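Participant: Take this sequence and fold it.
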Amino acid sequence: MGMKLRKKKADPQGPEPFVIVAMIVKNERANLPKLFDSAEGLVDAWAIVDTGSSDGTVEWLRAERDRTRRRWVGMVWQEDPWRDDFAHSRNLSLDLADTMALDHCPEGREPWVIMLDGDDRVRNPRAWREILRDSGAVIVSANIYSPTHKGTTETVHQLRAWRAGLGLRYRFPCHSELHPIKGHTITPAPINVCINHVGYLDDEHTDANYKRTVRILRKHGEPPASDPDSLEHYHYYLSRASLMLGDWPSAEHHAMQACRLWVERGTVGQSPPEPWIILAKYHLRHPFDESVDPFGMRAFSEGLRRLVAAASGGNDNPDIWFHILQLAALGYQTSSLMVGLGANPRVQQATTTWAHEIIKALAPTPIYGKGMVTPEQLKALRQLEKRGG
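Facilitator: Here you go, the predicted model:
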(Lines give C-alpha, C1' and ligand atoms only; values in the text may rest on other atoms or scores of the structure.)
Protein backbone atom coordinates (compact mmCIF):
# COMPACT_ATOMS: atom_id res chain seq x y z
CA MET A 1 0.00 0.00 0.00
CA GLY A 2 1.24 3.49 -0.80
CA MET A 3 0.18 6.46 1.30
CA LYS A 4 1.06 10.09 1.65
CA LEU A 5 -1.46 12.35 3.40
CA ARG A 6 -1.38 15.90 4.61
CA LYS A 7 -3.91 17.65 6.76
CA LYS A 8 -5.90 20.49 5.26
CA LYS A 9 -7.27 23.39 7.28
CA ALA A 10 -11.00 23.47 7.77
CA ASP A 11 -12.95 25.82 5.54
CA PRO A 12 -14.10 28.66 7.82
CA GLN A 13 -17.04 29.53 5.54
CA GLY A 14 -19.18 26.45 6.23
CA PRO A 15 -19.72 22.74 5.62
CA GLU A 16 -17.88 22.34 2.34
CA PRO A 17 -17.81 18.73 1.07
CA PHE A 18 -14.62 16.74 1.52
CA VAL A 19 -14.78 14.55 -1.58
CA ILE A 20 -13.01 11.19 -1.73
CA VAL A 21 -12.96 9.17 -4.95
CA ALA A 22 -13.28 5.40 -4.51
CA MET A 23 -12.21 3.54 -7.61
CA ILE A 24 -10.69 0.34 -8.95
CA VAL A 25 -8.18 0.31 -11.78
CA LYS A 26 -6.36 -2.14 -14.00
CA ASN A 27 -4.11 -1.00 -16.83
CA GLU A 28 -5.57 2.51 -16.90
CA ARG A 29 -2.29 4.39 -17.41
CA ALA A 30 -3.56 6.00 -20.63
CA ASN A 31 -6.84 7.12 -19.03
CA LEU A 32 -5.82 8.36 -15.60
CA PRO A 33 -4.25 11.73 -16.56
CA LYS A 34 -7.49 12.83 -18.27
CA LEU A 35 -9.62 11.59 -15.39
CA PHE A 36 -7.52 13.39 -12.78
CA ASP A 37 -7.48 16.59 -14.83
CA SER A 38 -11.28 16.47 -15.17
CA ALA A 39 -11.73 15.98 -11.40
CA GLU A 40 -9.82 19.08 -10.28
CA GLY A 41 -12.17 21.44 -8.52
CA LEU A 42 -14.23 18.53 -7.16
CA VAL A 43 -11.98 15.91 -5.57
CA ASP A 44 -9.96 16.25 -2.37
CA ALA A 45 -8.56 12.73 -2.02
CA TRP A 46 -8.32 9.37 -3.79
CA ALA A 47 -8.83 5.81 -2.51
CA ILE A 48 -7.79 3.34 -5.19
CA VAL A 49 -7.56 -0.44 -5.53
CA ASP A 50 -5.30 -1.69 -8.32
CA THR A 51 -6.32 -5.18 -9.45
CA GLY A 52 -3.15 -6.17 -11.28
CA SER A 53 -1.92 -3.44 -13.63
CA SER A 54 1.10 -4.13 -15.82
CA ASP A 55 1.14 -0.95 -17.93
CA GLY A 56 2.71 1.52 -15.48
CA THR A 57 -0.53 2.50 -13.72
CA VAL A 58 0.91 2.08 -10.22
CA GLU A 59 4.06 3.99 -11.14
CA TRP A 60 1.96 6.85 -12.52
CA LEU A 61 -0.13 6.94 -9.32
CA ARG A 62 3.03 7.07 -7.22
CA ALA A 63 4.36 10.00 -9.25
CA GLU A 64 0.99 11.77 -9.11
CA ARG A 65 0.85 11.36 -5.35
CA ASP A 66 4.22 13.04 -5.01
CA ARG A 67 3.45 16.03 -7.22
CA THR A 68 3.00 19.21 -5.19
CA ARG A 69 1.18 21.14 -7.94
CA ARG A 70 -1.97 19.10 -7.41
CA ARG A 71 -4.61 20.10 -4.89
CA TRP A 72 -5.22 16.58 -3.52
CA VAL A 73 -5.13 16.30 0.24
CA GLY A 74 -4.00 12.72 -0.14
CA MET A 75 -3.97 9.52 -2.09
CA VAL A 76 -3.98 5.94 -0.87
CA TRP A 77 -4.05 2.74 -2.86
CA GLN A 78 -3.98 -0.98 -2.32
CA GLU A 79 -2.95 -3.72 -4.70
CA ASP A 80 -5.32 -6.70 -4.76
CA PRO A 81 -5.48 -9.32 -7.55
CA TRP A 82 -8.56 -9.33 -9.78
CA ARG A 83 -11.03 -12.04 -8.74
CA ASP A 84 -13.78 -11.65 -11.36
CA ASP A 85 -15.85 -9.88 -8.73
CA PHE A 86 -16.50 -6.16 -9.00
CA ALA A 87 -18.24 -6.02 -5.62
CA HIS A 88 -15.18 -7.38 -3.82
CA SER A 89 -12.79 -4.89 -5.41
CA ARG A 90 -15.10 -1.88 -5.19
CA ASN A 91 -15.85 -2.59 -1.53
CA LEU A 92 -12.12 -2.62 -0.77
CA SER A 93 -11.90 0.88 -2.26
CA LEU A 94 -14.88 1.94 -0.11
CA ASP A 95 -13.12 0.62 2.99
CA LEU A 96 -10.13 2.80 2.11
CA ALA A 97 -12.38 5.80 1.48
CA ASP A 98 -14.19 5.40 4.81
CA THR A 99 -10.86 5.25 6.64
CA MET A 100 -9.71 8.44 4.92
CA ALA A 101 -13.00 10.15 5.83
CA LEU A 102 -12.59 9.26 9.51
CA ASP A 103 -8.91 10.09 9.77
CA HIS A 104 -8.36 13.01 7.41
CA CYS A 105 -11.57 14.99 6.85
CA PRO A 106 -11.01 18.46 8.34
CA GLU A 107 -13.32 19.58 11.11
CA GLY A 108 -16.37 21.36 9.75
CA ARG A 109 -16.26 19.56 6.39
CA GLU A 110 -18.77 16.91 5.26
CA PRO A 111 -17.07 13.75 3.89
CA TRP A 112 -18.48 12.43 0.62
CA VAL A 113 -17.60 9.36 -1.45
CA ILE A 114 -17.78 9.43 -5.24
CA MET A 115 -17.33 6.29 -7.30
CA LEU A 116 -15.42 6.79 -10.54
CA ASP A 117 -13.82 4.53 -13.16
CA GLY A 118 -10.58 5.12 -15.02
CA ASP A 119 -12.46 5.80 -18.26
CA ASP A 120 -14.76 8.39 -16.66
CA ARG A 121 -14.46 12.13 -17.19
CA VAL A 122 -16.04 14.51 -14.66
CA ARG A 123 -18.01 17.35 -16.21
CA ASN A 124 -18.62 20.61 -14.36
CA PRO A 125 -16.67 19.70 -11.19
CA ARG A 126 -17.59 22.93 -9.41
CA ALA A 127 -21.29 22.32 -10.10
CA TRP A 128 -20.78 18.91 -8.53
CA ARG A 129 -19.42 20.51 -5.36
CA GLU A 130 -22.37 22.89 -5.24
CA ILE A 131 -24.99 20.12 -5.29
CA LEU A 132 -23.12 18.19 -2.60
CA ARG A 133 -22.88 21.30 -0.46
CA ASP A 134 -26.21 23.05 -1.03
CA SER A 135 -28.86 20.45 -1.91
CA GLY A 136 -29.10 18.66 1.43
CA ALA A 137 -28.58 15.42 -0.51
CA VAL A 138 -27.56 12.12 1.06
CA ILE A 139 -27.20 10.04 -2.12
CA VAL A 140 -26.85 11.60 -5.57
CA SER A 141 -27.92 9.90 -8.79
CA ALA A 142 -25.67 11.22 -11.54
CA ASN A 143 -26.21 11.52 -15.29
CA ILE A 144 -23.79 9.20 -17.11
CA TYR A 145 -23.25 9.89 -20.80
CA SER A 146 -21.56 7.09 -22.75
CA PRO A 147 -20.63 7.86 -26.36
CA THR A 148 -20.55 4.62 -28.37
CA HIS A 149 -18.66 3.29 -31.36
CA LYS A 150 -21.91 3.66 -33.34
CA GLY A 151 -21.78 7.45 -33.02
CA THR A 152 -24.67 7.49 -30.51
CA THR A 153 -24.68 8.40 -26.83
CA GLU A 154 -26.31 6.25 -24.17
CA THR A 155 -27.65 8.05 -21.11
CA VAL A 156 -28.17 6.30 -17.79
CA HIS A 157 -28.56 7.36 -14.18
CA GLN A 158 -26.35 5.79 -11.53
CA LEU A 159 -25.84 6.27 -7.81
CA ARG A 160 -22.35 7.73 -7.87
CA ALA A 161 -22.05 9.96 -4.78
CA TRP A 162 -23.11 9.55 -1.16
CA ARG A 163 -22.21 10.82 2.28
CA ALA A 164 -19.50 8.76 3.93
CA GLY A 165 -20.55 6.56 6.81
CA LEU A 166 -23.85 5.27 5.38
CA GLY A 167 -22.50 1.73 5.19
CA LEU A 168 -23.32 1.38 1.49
CA ARG A 169 -21.56 -1.48 -0.27
CA TYR A 170 -21.70 -3.26 -3.60
CA ARG A 171 -23.41 -6.63 -3.65
CA PHE A 172 -23.26 -8.19 -7.09
CA PRO A 173 -20.17 -9.52 -8.93
CA CYS A 174 -20.70 -7.27 -11.94
CA HIS A 175 -21.96 -3.72 -12.43
CA SER A 176 -22.40 -0.91 -9.96
CA GLU A 177 -25.44 -1.40 -7.77
CA LEU A 178 -25.36 -0.26 -4.16
CA HIS A 179 -27.02 -1.85 -1.15
CA PRO A 180 -28.70 -1.02 1.09
CA ILE A 181 -30.30 2.19 -0.17
CA LYS A 182 -33.79 1.72 1.29
CA GLY A 183 -34.65 4.45 3.75
CA HIS A 184 -32.34 6.97 2.09
CA THR A 185 -33.54 9.80 -0.14
CA ILE A 186 -31.93 9.79 -3.58
CA THR A 187 -31.35 13.20 -5.15
CA PRO A 188 -31.23 13.26 -8.97
CA ALA A 189 -28.44 15.51 -10.20
CA PRO A 190 -29.22 18.42 -12.54
CA ILE A 191 -28.49 17.71 -16.19
CA ASN A 192 -25.18 19.62 -16.04
CA VAL A 193 -23.90 17.52 -13.10
CA CYS A 194 -22.71 14.53 -15.02
CA ILE A 195 -19.94 12.13 -16.00
CA ASN A 196 -18.75 11.13 -19.46
CA HIS A 197 -17.90 7.44 -19.68
CA VAL A 198 -15.61 6.77 -22.65
CA GLY A 199 -15.29 2.99 -22.36
CA TYR A 200 -17.52 2.11 -25.34
CA LEU A 201 -15.88 4.04 -28.14
CA ASP A 202 -14.60 1.06 -30.12
CA ASP A 203 -16.00 -2.36 -31.08
CA GLU A 204 -13.17 -4.35 -29.53
CA HIS A 205 -13.42 -2.71 -26.11
CA THR A 206 -17.21 -2.85 -26.13
CA ASP A 207 -17.33 -6.56 -27.00
CA ALA A 208 -14.66 -7.31 -24.41
CA ASN A 209 -16.78 -5.64 -21.70
CA TYR A 210 -19.88 -7.66 -22.58
CA LYS A 211 -17.89 -10.91 -22.80
CA ARG A 212 -16.44 -10.16 -19.37
CA THR A 213 -19.97 -9.72 -17.99
CA VAL A 214 -21.03 -13.11 -19.37
CA ARG A 215 -17.87 -14.79 -18.04
CA ILE A 216 -18.23 -13.35 -14.54
CA LEU A 217 -21.91 -14.18 -14.18
CA ARG A 218 -21.53 -17.72 -15.46
CA LYS A 219 -18.51 -18.26 -13.24
CA HIS A 220 -20.49 -17.25 -10.16
CA GLY A 221 -23.52 -19.25 -11.30
CA GLU A 222 -27.26 -18.71 -11.05
CA PRO A 223 -28.30 -17.50 -7.59
CA PRO A 224 -30.92 -19.47 -5.64
CA ALA A 225 -34.61 -18.56 -5.80
CA SER A 226 -34.36 -17.53 -2.14
CA ASP A 227 -32.31 -14.50 -3.29
CA PRO A 228 -34.62 -12.88 -5.88
CA ASP A 229 -32.64 -9.62 -6.08
CA SER A 230 -29.50 -11.48 -7.15
CA LEU A 231 -31.54 -13.68 -9.47
CA GLU A 232 -33.05 -10.64 -11.23
CA HIS A 233 -29.59 -9.11 -11.56
CA TYR A 234 -28.18 -12.34 -12.99
CA HIS A 235 -30.83 -12.81 -15.68
CA TYR A 236 -31.10 -9.12 -16.59
CA TYR A 237 -27.39 -8.61 -17.20
CA LEU A 238 -26.98 -11.92 -19.02
CA SER A 239 -29.90 -11.04 -21.31
CA ARG A 240 -28.45 -7.60 -22.03
CA ALA A 241 -24.89 -8.80 -22.62
CA SER A 242 -26.08 -11.70 -24.80
CA LEU A 243 -28.17 -9.28 -26.86
CA MET A 244 -25.21 -6.99 -27.45
CA LEU A 245 -23.05 -9.96 -28.45
CA GLY A 246 -25.70 -11.23 -30.90
CA ASP A 247 -26.48 -14.39 -28.94
CA TRP A 248 -30.27 -14.32 -29.35
CA PRO A 249 -31.09 -17.73 -27.81
CA SER A 250 -29.30 -16.77 -24.59
CA ALA A 251 -30.76 -13.24 -24.64
CA GLU A 252 -34.30 -14.59 -25.02
CA HIS A 253 -33.89 -17.23 -22.31
CA HIS A 254 -32.56 -14.82 -19.70
CA ALA A 255 -34.98 -12.04 -20.69
CA MET A 256 -37.86 -14.46 -20.17
CA GLN A 257 -36.59 -15.36 -16.69
CA ALA A 258 -36.02 -11.71 -15.69
CA CYS A 259 -39.44 -10.55 -16.87
CA ARG A 260 -41.20 -13.42 -15.12
CA LEU A 261 -39.50 -12.45 -11.88
CA TRP A 262 -40.59 -8.81 -12.27
CA VAL A 263 -44.17 -9.88 -12.96
CA GLU A 264 -44.21 -12.24 -9.96
CA ARG A 265 -42.73 -9.59 -7.66
CA GLY A 266 -44.93 -6.77 -8.94
CA THR A 267 -41.93 -4.65 -9.93
CA VAL A 268 -42.55 -4.32 -13.68
CA GLY A 269 -42.76 -0.53 -13.41
CA GLN A 270 -39.23 -0.28 -12.01
CA SER A 271 -37.67 -2.83 -14.37
CA PRO A 272 -35.28 -1.86 -17.20
CA PRO A 273 -36.61 -2.02 -20.77
CA GLU A 274 -34.16 -4.28 -22.63
CA PRO A 275 -35.61 -7.69 -21.61
CA TRP A 276 -39.11 -6.53 -22.54
CA ILE A 277 -37.86 -5.47 -25.98
CA ILE A 278 -36.13 -8.84 -26.44
CA LEU A 279 -39.32 -10.70 -25.53
CA ALA A 280 -41.48 -8.46 -27.69
CA LYS A 281 -39.42 -9.44 -30.72
CA TYR A 282 -39.46 -13.08 -29.65
CA HIS A 283 -43.23 -13.06 -29.33
CA LEU A 284 -43.67 -11.58 -32.78
CA ARG A 285 -41.34 -14.14 -34.35
CA HIS A 286 -43.10 -17.05 -32.60
CA PRO A 287 -46.83 -16.19 -32.66
CA PHE A 288 -47.93 -19.79 -32.03
CA ASP A 289 -45.65 -20.40 -29.03
CA GLU A 290 -48.02 -21.11 -26.15
CA SER A 291 -45.24 -20.47 -23.61
CA VAL A 292 -45.27 -16.73 -24.32
CA ASP A 293 -49.00 -16.19 -24.73
CA PRO A 294 -50.36 -14.10 -23.06
CA PHE A 295 -47.12 -13.25 -21.24
CA GLY A 296 -45.43 -12.36 -24.53
CA MET A 297 -48.24 -9.93 -25.37
CA ARG A 298 -47.53 -8.11 -22.14
CA ALA A 299 -43.86 -8.08 -23.14
CA PHE A 300 -44.77 -6.63 -26.51
CA SER A 301 -46.84 -3.79 -25.07
CA GLU A 302 -44.41 -3.15 -22.20
CA GLY A 303 -41.37 -3.05 -24.49
CA LEU A 304 -43.09 -0.73 -26.95
CA ARG A 305 -44.36 1.49 -24.12
CA ARG A 306 -40.85 1.87 -22.70
CA LEU A 307 -39.36 2.74 -26.06
CA VAL A 308 -42.04 5.30 -26.88
CA ALA A 309 -41.67 6.87 -23.42
CA ALA A 310 -37.94 7.30 -24.05
CA ALA A 311 -38.56 8.77 -27.49
CA SER A 312 -41.28 11.11 -26.27
CA GLY A 313 -38.97 12.31 -23.52
CA GLY A 314 -36.61 13.78 -26.09
CA ASN A 315 -34.16 10.86 -26.38
CA ASP A 316 -32.83 11.06 -29.93
CA ASN A 317 -30.69 7.92 -29.70
CA PRO A 318 -31.19 6.23 -33.10
CA ASP A 319 -31.29 2.83 -31.37
CA ILE A 320 -34.54 3.85 -29.68
CA TRP A 321 -36.20 4.63 -32.98
CA PHE A 322 -34.76 1.52 -34.59
CA HIS A 323 -36.36 -0.70 -31.95
CA ILE A 324 -39.70 1.12 -32.22
CA LEU A 325 -39.77 0.68 -35.97
CA GLN A 326 -38.67 -2.93 -35.75
CA LEU A 327 -41.43 -3.77 -33.29
CA ALA A 328 -44.00 -1.85 -35.31
CA ALA A 329 -42.92 -3.50 -38.57
CA LEU A 330 -42.86 -6.99 -37.06
CA GLY A 331 -46.25 -6.45 -35.48
CA TYR A 332 -47.78 -5.13 -38.68
CA GLN A 333 -46.35 -7.86 -40.91
CA THR A 334 -47.23 -10.70 -38.54
CA SER A 335 -50.73 -9.32 -37.94
CA SER A 336 -51.39 -8.97 -41.67
CA LEU A 337 -50.18 -12.51 -42.30
CA MET A 338 -52.24 -14.06 -39.51
CA VAL A 339 -55.45 -12.28 -40.50
CA GLY A 340 -54.87 -13.00 -44.18
CA LEU A 341 -54.43 -16.72 -43.48
CA GLY A 342 -57.63 -16.84 -41.47
CA ALA A 343 -55.84 -17.98 -38.35
CA ASN A 344 -57.68 -19.46 -35.40
CA PRO A 345 -59.63 -17.08 -33.11
CA ARG A 346 -56.92 -16.96 -30.42
CA VAL A 347 -54.21 -15.89 -32.86
CA GLN A 348 -56.60 -13.55 -34.67
CA GLN A 349 -57.41 -11.83 -31.38
CA ALA A 350 -53.69 -11.51 -30.68
CA THR A 351 -53.17 -9.78 -34.05
CA THR A 352 -55.90 -7.31 -33.14
CA THR A 353 -54.10 -6.55 -29.90
CA TRP A 354 -50.78 -6.08 -31.71
CA ALA A 355 -52.29 -3.55 -34.07
CA HIS A 356 -54.05 -1.79 -31.19
CA GLU A 357 -50.86 -1.54 -29.14
CA ILE A 358 -48.90 -0.09 -32.05
CA ILE A 359 -51.59 2.52 -32.72
CA LYS A 360 -51.88 3.45 -29.05
CA ALA A 361 -48.13 3.81 -28.68
CA LEU A 362 -47.23 5.63 -31.87
CA ALA A 363 -50.16 7.99 -32.38
CA PRO A 364 -49.25 10.62 -29.74
CA THR A 365 -45.49 10.65 -30.36
CA PRO A 366 -43.28 12.83 -32.59
CA ILE A 367 -42.46 9.77 -34.68
CA TYR A 368 -44.30 11.26 -37.69
CA GLY A 369 -42.00 14.25 -37.69
CA LYS A 370 -39.04 11.94 -38.11
CA GLY A 371 -40.51 10.56 -41.32
CA MET A 372 -40.69 7.04 -39.94
CA VAL A 373 -44.41 6.26 -39.73
CA THR A 374 -46.80 7.96 -42.12
CA PRO A 375 -50.50 8.69 -41.59
CA GLU A 376 -51.20 6.15 -44.34
CA GLN A 377 -49.39 3.41 -42.43
CA LEU A 378 -51.28 4.30 -39.26
CA LYS A 379 -54.55 4.17 -41.21
CA ALA A 380 -53.63 0.69 -42.48
CA LEU A 381 -53.02 -0.44 -38.93
CA ARG A 382 -56.42 0.87 -37.85
CA GLN A 383 -58.05 -1.04 -40.70
CA LEU A 384 -56.15 -4.14 -39.67
CA GLU A 385 -57.29 -3.67 -36.07
CA LYS A 386 -60.95 -3.58 -37.17
CA ARG A 387 -60.51 -6.50 -39.55
CA GLY A 388 -58.89 -8.65 -36.89
CA GLY A 389 -61.82 -7.95 -34.55
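
Participant: Could you pull up phi and psi at the closest residue to residue 30 other than its chain neighbours?
Facilitator: Once flanking residues are discounted, residue 30 sits nearest to residue 55: 7.7 Å by C-beta to C-beta, 6 or more residues apart in numbering. Bear in mind the C-beta positions are built from the backbone N, C-alpha and C, glycine included. Here is the backbone geometry of residue 55 (degrees, to the nearest 10): phi -110, psi 10.

Participant: ok, residue 55 - how many residues close by?
Facilitator: Residue 55 sits with 12 neighbouring residues when counted by other C-beta atoms under 10 Å.

Participant: Do you know the pLDDT at it?
Facilitator: The model reports residue 55 with a pLDDT of 97.

Participant: Please look at it and residue 29 and confirm they touch.
Facilitator: Yes. Residue 55 is in contact with residue 29 according to C-beta atoms under 8 Å; the separation is 4.6 Å.

Participant: Can you measure across stretch 146-154, start residue to end residue?
Facilitator: 5 Å (C-alpha to C-alpha, to the nearest Å).

Participant: Just the buried positions in that stretch, please.
Facilitator: 146, 148 (16 or more other C-beta atoms under 10 Å).

Participant: What is the three-state secondary structure of the closest residue to residue 254 other than its chain neighbours?
Facilitator: Excluding the flanking residues, the one nearest residue 254 by C-beta to C-beta, 6+ apart is residue 239, at 3.8 Å. Classification of residue 239 using DSSP: H, G, I helix; E, B strand; the rest coil returns helix.

Participant: Show the pLDDT at residue 109.
Facilitator: 93.

Participant: how near is it to residue 131?
Facilitator: Shown here: residue 109 relative to residue 131, a distance of 16 Å by C-beta to C-beta, to the nearest Å.

Participant: In the stretch 201-350 of the chain, what residue spans correspond to helices?
Facilitator: Counting by DSSP state H, counting those that start in this stretch, one finds helices in the stretch 201-350 of the chain at the ranges 203-220, 228-244, 248-265, 274-285, 295-312, 318-340, 345-362.

Participant: on that earlier part again, wait, the residue nearest to residue 254 sits on residue 278?
Facilitator: Yes. Taking contacts as C-beta under 8 Å, residue 239 lies within contact range of residue 278: 6.1 Å.

Participant: what's the overlap in contacts for those two?
Facilitator: 251-252, 255 (C-beta atoms under 8 Å, 6 or more residues apart in numbering).

Participant: tell me which of the residues you listed is nearest to residue 105?
Facilitator: residue 255 (44.7 Å; C-beta to C-beta).

Participant: Can you give me the neighbour number for that closest one?
Facilitator: Count around residue 255 with other C-beta under 10 Å applied: 29.

Participant: which residues does it contact?
Facilitator: Residue 255 touches 235, 239, 243, 274-276, 278-279, 282, counting by C-beta under 8 Å, 6+ apart.

Participant: now the shared contacts of residue 239 and residue 278 as JSON lines including distance to residue 157 and pLDDT?
Facilitator: Formatted as JSON lines, the shared contacts of residue 239 and residue 278 follow (distance: C-beta to C-beta, whole Å; pLDDT from 0 to 100):
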{"residue": "251", "distance to residue 157": "23", "pLDDT": "90"}
{"residue": "252", "distance to residue 157": "27", "pLDDT": "85"}
{"residue": "255", "distance to residue 157": "22", "pLDDT": "88"}
